[in-house]
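Peer 1: What would the 3D arrangement of this be:
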Amino acid sequence: MKAKILGLLLILILVVSSCKDYFDYENSSLMKENMVFSDYTLLKQVLANAYTQLPASYNRIDNGMLASATDEAEHAWDYSTIQNFNTGSWNSFSNPDDVWTRQYQMIRRAYLFLDGTDTVTFNQFRYVDDVTYTRYVLELKQFRAQSRFLIAFSYFELFKRYGGVPIVNRLLSVDEDLNLPRNSVTEVVNFIVANCDSAIKVLPKVYDATNTGRATLGAAMALKCRTLLYAASPLYNNGSYNKILCDSVARIASSFISPTGSLKSTYALESNYGTLFTRKYNSLELIFDRRDGNANGFEKANFPIGFDGAGVGATCPSQNLVDAYEMTNGKSISDPTSGYNPADPYKNRDSRLGYTVIWNNSTFKARPIELWTGGLDGKGKEKASKTGYYLKKYVDDNLNLLLNNTSRHCWYYFRLGEIYLNYAEAMNEAFGPSDARYGLTAVDAVKAIRLRAGMPALVATDYSSSDILREKIRNERRIELAFEEHRSWDVRRWKIAELVLGADLKGMDIVKNIDATFTYTPYVVEKRVFLSKMYYYPIPNAEILKEKKLDQNPGW
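Peer 2: A predicted model of the protein is given here:
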């Protein structure tokens, strides 16, 4: 009991400064957690504190994005710790993306809430304010379901990095044996799914304006969908897909996108891909997100270097990524009939490229961007782009950094575009390209994403086998979800990370000619390192030393 009260007290001290006097009583027996949880305002604040442990967003790794540890990008600042992934100089002592402690803290905070509210009844309102009583009882059920969702979310963050991890299924006290062994991947996946299922039974489709940003029914289903897609993937199934799990993924995803799906009327694709990242938390495509306060740190890092206030250290999109965008006729730039012109490489390209990447001589904040060597934004300046590109996606170009303008930012954990692609991948692997048993074929699902971008729909007769469509789906996912922290995990679960993350990272060298034309020459920006052991993160060495039953991942 003492440990539970202490844990609760530590949480409340962080978020409820107005309650300081409440904890100043000399008689510690008055610090009963039920007294706190019976107060509706404090109860909500305890849950809100658990939400603060959700993964950080944007420049979360030493002012860099996780994208810079993939083939999506390179970080402009050589000394950012994000570079350790690319050089192979990370280990169990020093991992720039280690989330072990943070996620177990969120799990504990969620269990504190569940344990503390287990016997809360709000009976003090039952006979004097029936309306308040009914609302509090209903919302408490939803809050407890949100806690289950947060536990599932935390375990997914651990699972995708470390594989099997110790499962904690209740609030532990300091008097118990905390030396826990690792559970298997299957056990962790089942645990995540069970907590999602528990939340799904209770969570509403939408909330009123006082509860925005909370986990919904859709969020729990999206988490379950992504978890099972990962679990169905080659990394966890000896190099092939688990078709039974793919079937489950498709059924869940169909709830969002099938004409008769239960969530079809709740979410909708934005009509314009660019609008999706400017409407932020007002988008109907949004399923679950992290909402940050007013800031401009992301813009200071990613505005082209020639703008006043920029130059913190940009995430620079790679030539590898740019080359993945098709021509507007739907053909790859490697196709000699595509119409691609190396002397004018950005003409007639997929519109998502222009919403994601700033390229040479494109207009940003009312001026052409000078990415050629010696240009205002090009090589020759400290922390200028190393690849010949700057990031546009998520960047608020309305801000004036010289005036220190700020704006609210929203990081998408789940959005409907991903659900379409989850469905396409799962349906293709379980039933092939043309099966429509859940309302859409795999080809249909990709078609919806492409049409939104103004790209030609796939022709079903061109994709006669799962193998052919698989590569198309993976490339579509690479483009549609760029810089949303999918790529690092996708290439791992597909078991292609050694080929992708270990490949040379490329950029575009740009020279301005005397006649004001440009010469574009692709070049190698960085030799990358990816070893087979890196499919899983190492468990922090400090945890291995503390918990003797905890086995390290192979190779670390």
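Peer 1: Send me stretch 379-397 as PDB with only the CA atoms.
Peer 2: As requested, the backbone C-alpha atoms of stretch 379-397 are provided in PDB (Å, rounded to 0.1, in the frame of the first residue of the first chain):
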ATOM      1  CA  LYS A 379      26.300  23.400 -49.900                       C
ATOM      2  CA  GLY A 380      28.900  25.600 -48.400                       C
ATOM      3  CA  LYS A 381      26.900  26.600 -45.400                       C
ATOM      4  CA  GLU A 382      27.100  24.900 -42.000                       C
ATOM      5  CA  LYS A 383      24.100  22.600 -41.500                       C
ATOM      6  CA  ALA A 384      22.900  23.200 -45.000                       C
ATOM      7  CA  SER A 385      21.200  20.200 -46.700                       C
ATOM      8  CA  LYS A 386      23.600  17.400 -47.300                       C
ATOM      9  CA  THR A 387      21.300  15.700 -49.900                       C
ATOM     10  CA  GLY A 388      20.100  18.600 -52.100                       C
ATOM     11  CA  TYR A 389      16.600  18.500 -50.500                       C
ATOM     12  CA  TYR A 390      14.800  20.000 -47.500                       C
ATOM     13  CA  LEU A 391      11.800  18.500 -45.700                       C
ATOM     14  CA  LYS A 392       8.400  20.100 -46.400                       C
ATOM     15  CA  LYS A 393       6.000  17.600 -44.800                       C
ATOM     16  CA  TYR A 394       4.700  18.700 -41.400                       C
ATOM     17  CA  VAL A 395       6.600  22.100 -41.700                       C
ATOM     18  CA  ASP A 396       4.400  25.200 -41.100                       C
ATOM     19  CA  ASP A 397       5.600  27.500 -43.800                       C
END
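Peer 1: Okay, buried residues for that stretch please.
Peer 2: Going by neighbour count (16 or more other CB atoms under 10 Å), the buried part of stretch 379-397 is 379, 383-396. In this view, the C-beta of every residue, glycine as well, is placed from N, C-alpha and C.
Peer 1: Isn't R487 up against I479?
Peer 2: No - using CB atoms under 8 Å as the test, R487 is too far from I479 to be in contact (10.5 Å).
Peer 1: So for these two, which residue has more residues nearby?
Peer 2: R487 (24 against 20; other CB atoms under 10 Å).
Peer 1: L481 versus that one, what's the distance?
Peer 2: As defined by CB to CB, to the nearest Å, R487 lies at a distance of 7 Å from L481.
Peer 1: Name all residues that make contact with D444.
Peer 2: Counting by CB atoms under 8 Å, 6 or more residues apart in numbering, D444 touches A436.
Peer 1: any idea how far it lies from L416?
Peer 2: Counting by CB to CB, the gap from D444 to L416 is 15 Å.
Peer 1: Kindly report the same for L114.
Peer 2: On the measure of CB to CB, L114 and L416 end up 30 Å apart.
Peer 1: which one of the two has more residues nearby?
Peer 2: L416 (26 against 17).
Peer 1: I figured the more buried one hits G261, correct?
Peer 2: No - checked against CB under 8 Å, the pair L416 and G261 is beyond contact range at 11.2 Å.
Peer 1: The stretch 101-250 of the chain: helices as residue ranges?
Peer 2: For the stretch 101-250 of the chain, helices defined by DSSP state H, counting those that start in this stretch occupy the ranges 130-162, 185-200, 217-231, 243-257.
Peer 1: Now name the helix or strand holding the closest residue to S464 other than its chain neighbours.
Peer 2: Nearest residue to S464, sequence neighbours excluded (CB to CB, 6 or more residues apart in numbering): P433, at 7.2 Å. For P433, there is no enclosing helix or strand under DSSP states H and E.
Peer 1: quick one: P433 and T441 touch, right?
Peer 2: Yes - the criterion here is CB under 8 Å, and P433 meets it with T441 at 6.5 Å.
Peer 1: what do the two both touch?
Peer 2: By CB under 8 Å, 6+ apart, the residues touching both P433 and T441 are A460.
Peer 1: helix/strand/coil for I473?
Peer 2: Secondary structure, DSSP: H, G, I helix; E, B strand; the rest coil: I473 is helix.
Peer 1: residues in contact with S407?
Peer 2: So S407 contacts N294, A295, N296, D396, N398, L399 (CB under 8 Å, 6+ apart).
Peer 1: how many neighbours does the residue nearest to the second one when sequence neighbours are not counted have?
Peer 2: Residue nearest to A295 in three dimensions, not counting chain neighbours: T406, with 5.5 Å by CB to CB, 6+ apart. If you count neighbours by other CB under 10 Å, T406 ends up with 15.
Peer 1: what about T406, distance to M427?
Peer 2: 43 Å.
Peer 1: Just the helices from the stretch 401-550 of the chain, written as ranges.
Peer 2: So, for the stretch 401-550 of the chain - with DSSP H, counting those that start in this stretch - the helices run 416-431, 442-452, 466-480, 487-493, 497-500, 541-546.
Peer 1: between those, which one is nearest to T315?
Peer 2: helix 487-493 (12.5 Å; CB to CB).
Peer 1: helices or strands next to that closest one in the packing?
Peer 2: helix 130-162, helix 466-480 (3 or more CB pairs under 8 Å, 6 or more residues apart in numbering; DSSP states H and E).
Peer 1: change it to 7 Å
Peer 2: Here helix 487-493 touches no other helix or strand, going by 3 or more CB pairs under 7 Å, 6 or more residues apart in numbering; DSSP states H and E.
Peer 1: Send me that helix as CSV with only the CA atoms.
Peer 2: Below are the C-alpha coordinates for helix 487-493, written out as CSV (Å, rounded to 0.1, in the frame of the first residue of the first chain):
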residue,chain,number,x,y,z
ARG,A,487,9.9,3.0,-42.6
SER,A,488,12.3,1.9,-39.9
TRP,A,489,9.9,-0.8,-38.7
ASP,A,490,8.5,-1.7,-42.1
VAL,A,491,11.9,-2.7,-43.6
ARG,A,492,12.7,-4.7,-40.5
ARG,A,493,9.4,-6.6,-40.4
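Peer 1: Tell me how far that helix lies from the chain's centre.
Peer 2: With CA atoms, centre = their mean, to the nearest Å as the basis, helix 487-493 stands 12 Å off its chain's centre.
Peer 1: Go ahead and name everything in contact with that helix.
Peer 2: Helix 487-493 has contacts (CB atoms under 7 Å, 6 or more residues apart in numbering) with 66-67, 69-70, 72, 160, 230, 233-235, 477-478, 497, 500-501, 535.
Peer 1: The same query, at a cut-off of 6 Å, please.
Peer 2: L66, T70, E72, K160, Y230, S233, L235, A497, V500, Y535 (CB atoms under 6 Å, 6 or more residues apart in numbering).
Peer 1: What is the burial count for the fifth one?
Peer 2: Neighbourhood size, Y230 [other CB under 10 Å]: 23.
Peer 1: Just to check, N405 is in contact with L399?
Peer 2: Yes - look at N405 against L399 with CB atoms under 6 Å: they come within range, at 4.1 Å.
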